[in-house]
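have a look; sequence and predicted model below, questions after that.
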Amino acid sequence: MNADMELRDAAVPEAWRAAGVLFATIFLATLFGIYSRPVGFLASIWPANAIMLGLMLRNPVMAQAPGWLAGFAGFMIGDLLTGAGLEKALILNIANIISISTAYAILTRLPAEISELRQPVSMLWIVLASLAGGFASGLLGGSPA
């Protein structure tokens, strides 16, 4: 039995297994956000960005290239399966990735005691990183689709 598990672990690198988990999680969070919105509007509840950022911060293996691709695929497939046009889905989901990557870039450069929420100022940094991510995505996401 151990030989089978070792063979499976060798056949599928950890980054790709993590990417599969990330894809499924983001896809479901995307569907939740889409189905919670009124028809014709953007979602008022969108947990997918925060979930993806949190998973990548807690599990750095998810923040490798396969994870970013899987997260983007989860966003895109969720949007396309629910009837969004390709152009609109691309613009909104590139904006999502810009938002997440901006916040990720800020939060990964902080000292460990701040990024691990062991200092009172940690919450301020999370809010500032979220604001920066929202601003960065707004530069693209605010363009007409």
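Perfect, I can see it now.

need phi/psi at residue 109.
Main-chain dihedrals, residue 109, degrees, to the nearest 10: phi -100, psi 0.

actually residue 86, sorry about that
Backbone geometry at residue 86, expressed as degrees, to the nearest 10, gives phi -60, psi -40.

next one: it from residue 77, what distance?
Counting by Cβ to Cβ, to the nearest Å, the gap from residue 86 to residue 77 is 12 Å. Heads up, the C-betas are built off the backbone N, CA and C, glycines and all.

looking at the two, which one has more neighbours?
residue 77 (17 against 10; other Cβ atoms under 10 Å).

can you count the residues close to residue 43?
Neighbours of residue 43 under the rule other Cβ under 10 Å: 16.

cool, and residue 50?
For residue 50, the count of nearby residues is 16 (other Cβ under 10 Å).

do the same with residue 93
A count of nearby residues for residue 93, using other Cβ under 10 Å, gives 24.

which residue packs closest to the residue nearest in space to the middle of the chain, ignoring adjacent ones?
Nearest to the geometric centre of the chain sits residue 52, at 3.0 Å (Cα atoms, centre = their mean). Spatial nearest neighbour of residue 52, chain neighbours left out: residue 71 (4.9 Å); criterion: Cβ to Cβ, 6 or more residues apart in numbering.
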